[in-house]
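Undergrad: model the structure of this input:
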Amino acid sequence: MATMNLKLKAGLLAGVLAVTASTGCSEDADTGSEEHDDHDDDHDDDHDDDHDDDHDDDHDDHNHDNELITTVTLTFTSEDGDAVTASFRDLDGDGGASGTTENLVLAPETTYSVRLELLNELEDDTEDVTEEIAEEAEEHFVFLYGPNVSGPSSDGDGFLVHEFDDLESDYTENVVGEDLPVGIASIVTTNTAGDGRLSVAVRHLPPLNGAPQKLSDLPDAFARDEAIAGSNDVDVTFEVSVE
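TA: Below you'll find the predicted structure:
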C-alpha cells in the first residue's frame, strides 16, 4: 500500500506541474501577442489606412522623428495667374475629432504650379513645418498619388498628371547622394472635365545607421505599392473636380 500511495502522489505531482507549465506558456504567448498589437497600434495612420498598410516597413523606430502637422494646404496657380487653394485641417491633432478637407475645383486642360504648405497650429505661435521640411530636404519626399494621378509616384489613370518641380539644392546644400526632388513645389496638369482624387503623402526618411534612406527609386517603388523606408509625416486626400 505504501508503494501505491507513493506512486499516486508522484502522479498527482506530475499532473500539477504539467498544468502549471501549460498555463505559463499560454500567458507568455498572450503577452507576446499584446506587445505586437501595441506596436502595430502605435503606427496606425488615420488619414489613409489602406495606402499606409501597403507602404509600412521595418523602420517604425524613426516615428519619433516625424513632424507634427495639423494643416496641409495646396495652392494651384495657373499660367494665367489664377490661384485655387484647398486645405486639410485637424486642429486638435491625432486622436481627437476627424479633420476636415476642402475640395479642389480646377479648370480642364490647364497646367498649374502647385505649392505645398504645412503648418502645426497646435503651437502658441503657428509653426511653419514647410520650412523644417525644406531644411531637411535630403530626408523628405512628397508623393502626389491616387487612382486618378499619373506621375513619378503614382500609376493612376492620368486624369491629373504630376511632375516634381524642385530639388534638394533649391532649399539647402546637397550634402549626401544625388540632388533629388522634394515635392514642396510641383506641376499638375488637368485633362478633361470630371471628378477625381489627389492624395499627398509627406514621407520622412532620416538616415539609418549613417546611410541615407532617401533614394532616387523611392517614388517608383511607392507607385507600385511596394514597402519603402521611412514613415509618413502626414497623408491626406483631396477630392478634385475639373470643370
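
Undergrad: C-alpha only now, for contacts and for neighbours.
TA: OK.

Undergrad: which positions within stretch 131-139 qualify as buried?
TA: Using 16 or more other Cα atoms under 10 Å as the burial criterion, the residues of stretch 131-139 that qualify are 133, 134, 136, 137, 138, 139.

Undergrad: could you dump these into TSV with distance to residue 211 and secondary structure added?
TA: As requested, those are exported to TSV (distance: Cα to Cα, whole Å; DSSP: H, G, I helix; E, B strand; the rest coil):
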residue	distance to residue 211	secondary structure
133	19	helix
134	20	helix
136	15	coil
137	15	helix
138	12	helix
139	11	helix
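
Undergrad: between the residues you listed, which is closest to residue 169?
TA: Taking Cα to Cα as the measure, residue 137 is the one of the buried residues of stretch 131-139 closest to residue 169, at 8.2 Å.

Undergrad: tell me how far the closest residue to residue 99 other than its chain neighbours lies from residue 121.
TA: If you skip the residues right next to it in sequence, residue 99 has residue 90 as its closest partner in space, 4.0 Å away by Cα to Cα, 6 or more residues apart in numbering. Distance of residue 90 to residue 121, computed by Cα to Cα, to the nearest Å: 9 Å.

Undergrad: what residues are shared contacts of these two?
TA: Taking Cα atoms under 8 Å, 6 or more residues apart in numbering as the contact rule, residue 90 and residue 121 both touch 70, 71.

Undergrad: what's stretch 81-94 in contact with?
TA: The list of residues contacting stretch 81-94 from outside it, by Cα under 8 Å, 6+ apart, reads 46, 69-77, 97-106, 121-122, 236.

Undergrad: among those residues, name the ones in strands.
TA: For those, membership in strands holds for 71-77, 100-101, 104-106, 236, with DSSP state E as the criterion.

Undergrad: residue 164 and residue 210, how far apart?
TA: Spatial separation of residue 164 from residue 210 under the definition Cα to Cα is 27 Å.

Undergrad: please disregard the earlier target; I meant residue 161.
TA: With distances defined as Cα to Cα, the gap from residue 161 to residue 210 amounts to 35 Å.

Undergrad: okay, the two: which has more neighbours?
TA: In terms of neighbours (other Cα atoms under 10 Å), residue 161 is the more surrounded of residue 161 and residue 210; the figures are 22 against 7.

Undergrad: follow-up on the earlier one: in CSV: the buried residues of stretch 131-139, plus distance to residue 214.
TA: Rendered in CSV, the data for the buried residues of stretch 131-139 read as follows (distance: Cα to Cα, whole Å):
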residue, distance to residue 214
133, 13
134, 14
136, 11
137, 10
138, 7
139, 6
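
Undergrad: ok, residue 218 touching residue 230?
TA: No: the pair residue 218 / residue 230 is not scored as a contact, 10.4 Å apart, by Cα atoms under 8 Å.

Undergrad: low-confidence ranges, this protein, go.
TA: Across the chain, the stretches falling below the confidence threshold (pLDDT under 70) are 1-64, 93, 95-96.

Undergrad: ranges for the helices of it?
TA: Assigned by DSSP state H, the helices in the chain fall at 2-42, 49-55, 129-135, 218-223.

Undergrad: domains in the protein, as residue ranges please.
TA: If the domains of the chain are taken from automatic domain parsing, they occupy 1-42, 49-242, with pieces of a single domain joined by a plus sign.

Undergrad: most tightly packed of those?
TA: Of the domains of the chain, the one with the most neighbours on average (mean count of other Cα atoms under 10 Å) is domain 49-242, at a mean of 18.

Undergrad: report the distance from that domain to the chain centre.
TA: With Cα atoms, centre = their mean, to the nearest Å as the basis, the distance from the averaged C-alpha position of domain 49-242 to the chain average is 9 Å.

Undergrad: sweet, I'm off.
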